[in-house]
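Visitor: here is the input, now give the coordinates:
(2 chains)
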Amino acid sequence: MSPVLITFYFLAAFTLATAFLTIYSKNPIHSAIYLVLCMASIMGHYLLLNAQFLAIVQLIVYAGAIMVLMLFTIMLMNLNKEDEVHKPRITRLGAIVVFILMSVVLITIFINSKTIMGEYDSTGEDFQSIKVLGKVLLNEYMVPFEFASILLLVAMIGTVLLTKKEKEQK
Amino acid sequence: MIENILNIIGIENYIFLTVLLFCIGVFGVLYRRNAIIVFMSIEIMLNAVNLLFVAFSTYHQDAEGQVFVFFSMAVAAAEVAVGLAILVSVFRNLGSIDIDNLKNLKG
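Guide: The predicted model follows:
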């Protein structure tokens, strides 16, 4: 076993375990902290695939911004207690059945689509450094890039409108 | 060494990992009643798909998969901001964020 393969298996086990603990732990604060660890391990996968730009963006956007937002919301609503009632047993059993069936079906589909995927050929050409990615983003994908900024602006205005307290109606 | 990473690890391992991660997300949406945990499960699903995008971008030696992941991250950030704002106003009106309490539209 090469060190790369050992790193991959360790990271994969860590990702799956923290993702499962996110769902399983009763306290929402613990869930949020496990989710931060899950996002950080996914950043490790990006680094392993040599996608430097996305690794940094993953750390800033997911592990930074989104998780701070979620933790703030949890504390704002004072949810850090473990009083959640479970769903009925039949629903939980259904969830487990859906989990197993969906994994089997998706894995079978992807493994059998090997002939459509084509062969992996490593040309050694640079295609994912920040320099190349910036050129692709600002030449071919210029218009979607600008629309993303409009989307973020609209989301910001919408959030402010939604959380604003309504005036007393007289 | 690092250029032929997929020769060492293999695309199948990435497919197994991302499919399992996605299914854990689906499981979380179905299993929990707390709306914030449901939100976190949706984030897990989005991340699984992003990881598969990056793996196939390396597989085909093409940068466009990574550009797509960048846009999906922007959309995810907007989605979380709006979704949490909706949760805050739901909490203000109902006093809890149990998704089983949200059945006023049920006929």
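
Visitor: helix or strand right after the helix or strand bottoming out on mean pLDDT in chain B?
Guide: Using mean pLDDT, DSSP states H and E, the weakest-scoring helix or strand in chain B turns out to be helix B:5-9, at a mean of 77. Where DSSP states H and E defines the elements, the next helix or strand beyond helix B:5-9 is helix B:11-31.

Visitor: the following helix or strand past that next one - what's its average pLDDT?
Guide: Next along the chain after helix B:11-31, taking DSSP H and E as the criterion, comes helix B:35-59. Mean pLDDT, helix B:35-59: 92.

Visitor: packing partners for helix B:35-59?
Guide: In terms of contacts (3 or more Cβ pairs under 8 Å, 6 or more residues apart in numbering or on different chains; DSSP states H and E), helix B:35-59 is packed against helix A:3-24, helix A:28-48, helix A:67-76, helix B:5-9, helix B:11-31, helix B:64-94. Bear in mind the C-beta positions are built from the backbone N, C-alpha and C, glycine included.

Visitor: sorry, back to before: buried residues in the least confident helix or strand of chain B?
Guide: B:5, B:6, B:9 (16 or more other Cβ atoms under 10 Å in any protein chain shown).

Visitor: so what touches it?
Guide: For helix B:5-9, contacts defined as Cβ atoms under 8 Å, 6 or more residues apart in numbering or on different chains pick out A:2, A:4, A:5, A:8, A:48, A:49, A:50, A:120, A:122, B:55, B:58, B:59.

Visitor: what is the burial count for the last one?
Guide: Counted by other Cβ atoms under 10 Å in any protein chain shown, the residues lying close to residue B:59 total 19.

Visitor: okay but it is in contact with residue B:11, surely?
Guide: Yes. Counting by Cβ atoms under 8 Å, residue B:59 does reach residue B:11; the two are 5.6 Å apart.

Visitor: overlap of the contact sets of those two?
Guide: Between them, residue B:59 and residue B:11 share the contacting residues A:117, A:120, judged by Cβ under 8 Å, 6+ apart.

Visitor: contacts only, for residue 30.
Guide: If you meant another chain, say so; for now it's chain A. residue A:21.

Visitor: ah, I was thinking of chain B
Guide: Residue B:30 touches A:91, A:94, A:95, A:98, counting by Cβ under 8 Å, 6+ apart.
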